[in-house]
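>>> Mind folding the following:
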Amino acid sequence: MIHLRYGVSLRYKVWGKIRDQPSPSLFCRRLAHALWGTYTLINRAIDLEKIKDKMLDGRESPRKQLTPVKSTVVKKCYIDYLKLNNCIPKKMEKKAKQKLLNKWSTYLSKYINYLRSNHVEQSSNEDDEDEEKGSHDEDEKKGIHDESNESHSDIDN
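Alright, predicted model coming up:
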């Protein structure tokens, strides 16, 4: 185990894979995934104020804010990653440098949105598959056979 900060640890092999990521965005995504996991990230947000407009019928969002300690760990590790990989030019304006240092939250937000959209797609695809399977099972009971999925070797030649 490797202690990152503030009592947060990861297995050394996992940290090695995260640390060797070729880009800062991949580093943030992999670290967040290792700390929280997919399901937790899908149900969390970095800033709840920014997602209030996406709530339905004025109800509170079921999403909660990411844990502050782990968020701070991601931020500090991201800054260390930038420094170790020489991603921060020495002659950089203060505003541009600060913007680069705060980009971890953008990377993490985009990753959470990506996970959420894929989760919604998978859920709807599973529903579609269940409906197809149900109708396919009924067809089999009636003796109907669908050949559209079978390979036609004479067509391939």
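
>>> Can you tell me the SS state at Q21?
coil (DSSP: H, G, I helix; E, B strand; the rest coil).

>>> I figured it was touching R30, is that so?
Yes - taking contacts as Cβ atoms under 8 Å, Q21 lies within contact range of R30: 5.7 Å. (C-beta placed from N, C-alpha, C; glycine too.)

>>> OK, contacts around K17?
R30 (Cβ atoms under 8 Å, 6 or more residues apart in numbering).

>>> That one: helix or strand, and which one exactly?
Element membership for K17 (DSSP states H and E) is helix 12-19.

>>> Flag every buried residue along that helix.
14-15, 18-19 (16 or more other Cβ atoms under 10 Å).

>>> Could you single out the nearest of those to K110?
If you rank those by distance to K110 using Cβ to Cβ, I18 comes first, at 17.5 Å.

>>> So what's the residue count around K103?
The tally of other residues near K103 (other Cβ atoms under 10 Å) stands at 15.

>>> which residues does the closest residue to it other than its chain neighbours contact?
In space, K103 comes closest to P24 once its chain neighbours are excluded; the distance is 7.1 Å by Cβ to Cβ, 6 or more residues apart in numbering. For P24, the residues meeting the contact criterion (Cβ under 8 Å, 6+ apart) are 78, 81-82, 85, 87, 103-104, 107.

>>> Check P24 and give its pLDDT.
Model confidence at P24, given as pLDDT, is 93.

>>> Distance-wise, check it relative to R63.
Distance of P24 to R63, computed by Cβ to Cβ, to the nearest Å: 25 Å.

>>> what does T106 give?
18 Å.

>>> Comparing these two, which shows the higher neighbour count?
More neighbours sit around R63 than around the other of T106 and R63, counting by other Cβ under 10 Å; the figures are 16 against 13.

>>> what about the closest residue to the more buried one other than its chain neighbours, neighbour count?
Spatial nearest neighbour of R63, chain neighbours left out: A45 (4.8 Å); criterion: Cβ to Cβ, 6+ apart. When neighbours are defined as other Cβ under 10 Å, A45 has 21 of them.
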